[in-house]
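Asks: Turn this into a structure:
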Amino acid sequence: MKIRDSLQGNITAAKMAIQKAAKQKPALIALPEYFTVPNCMADFTDASSISKETCEKTLIFLQEMSKQIGDIYLLGGSVLEEDSGKYYNTSTLWKNGSLLAKYEKINPIQAEIKAGVARGTQPLVLDTEIGKIGLLVCADTFDPDLVKRTANLGAEIISLPVAAMGTHPTVNGHPLTEQIARDYGVFLLKVGNVCSSMRGGRSAIIAPWGILGEVTDAPEDSILTRDLDMQRLRDYRSKLNKS
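Replies: Take a look at the predicted model:
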């Protein structure tokens, strides 16, 4: 998703994309990290003001869209949410207008920390009828222990909303997420906020046996859809466990 310069612009773009994706009757739809926060991550300076501007309206929007798409799971990217006086980069999972789970990013990047974003503490995996879904956010994948803990909770599908800073190094392909998929036998749903940088923020759907699909380098809105072969994944995991 290309990030706009206003909250309403981002909400409108996300609404159009969700409605378009829902016509394909998918099992789930996923959004990027900070998808409603205006402008680029490079402009991220004050967690409190960003949260006050965007949090409530984003959560209302996600609830309304979840009601609209019904039985389709909605992975709500992430929102900056206040909890007991601290601000967390919070990823949410919805269905039929109900909030099923929320996860607070455990590894905020330096720019987030400077802006006042706190660290979450608990990994999260939710059991659903389509499989066990784990929630991580962007730089969480740089933490091998957290990835392992999430995998050990049984995650089969990992939601990974991302937003790359302009300082992000140039990356060819998706080497880190491909390795995670192979090592732990999981599907990764990498969903990119592409205002700040395309270098590490491109969307891709990744299986243990390779990249199932990825978007181009163009900084634009796009919808990427693939079938996840859960039986093939479980066969892979069975062999992985035996080895």
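Asks: Who are the contact partners of Ile50?
Replies: Listed by Cβ atoms under 8 Å, 6 or more residues apart in numbering, the contact partners of Ile50 are 37, 44, 80, 115. C-beta here means a position set from N, CA and C on the backbone, and glycine is covered the same way.
Asks: Following element in sequence after the one helix or strand it maps to, please.
Replies: Applying DSSP states H and E as the criterion places Ile50 in helix 47-69. Under the assignment DSSP H and E, the closest C-terminal helix or strand after helix 47-69 is strand 73-75.
Asks: Run through the neighbouring helices and strands of that following strand.
Replies: On a contact count with 3 or more Cβ pairs under 8 Å, 6 or more residues apart in numbering; DSSP states H and E, strand 73-75 meets strand 28-30, helix 47-69, strand 86-95, strand 131-135.
Asks: what does the first one contact?
Replies: If I follow you right, that is strand 28-30. Defining contact as Cβ under 8 Å, 6+ apart, one finds that strand 28-30 is touched by 18, 21-22, 69, 72-75, 77, 130, 133, 159, 161, 189, 191.
Asks: got the residue ranges for the helices in the chain?
Replies: Per DSSP state H, the chain carries helices over the ranges 7-22, 47-69, 110-115, 144-152, 175-184, 230-242.
Asks: want to throw those into CSV with distance to Leu212 and mean pLDDT?
Replies: Formatted as CSV, the helices of the chain follow (distance: least, Cβ to Cβ, whole Å; pLDDT from 0 to 100):
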stretch, distance to Leu212, mean pLDDT
helix 7-22, 16, 97
helix 47-69, 22, 97
helix 110-115, 30, 93
helix 144-152, 19, 98
helix 175-184, 10, 96
helix 230-242, 11, 95
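Asks: right, and those helices - which one's nearest Tyr88?
Replies: Closest to Tyr88 of the helices of the chain is helix 47-69 (Cβ to Cβ; 9.0 Å).
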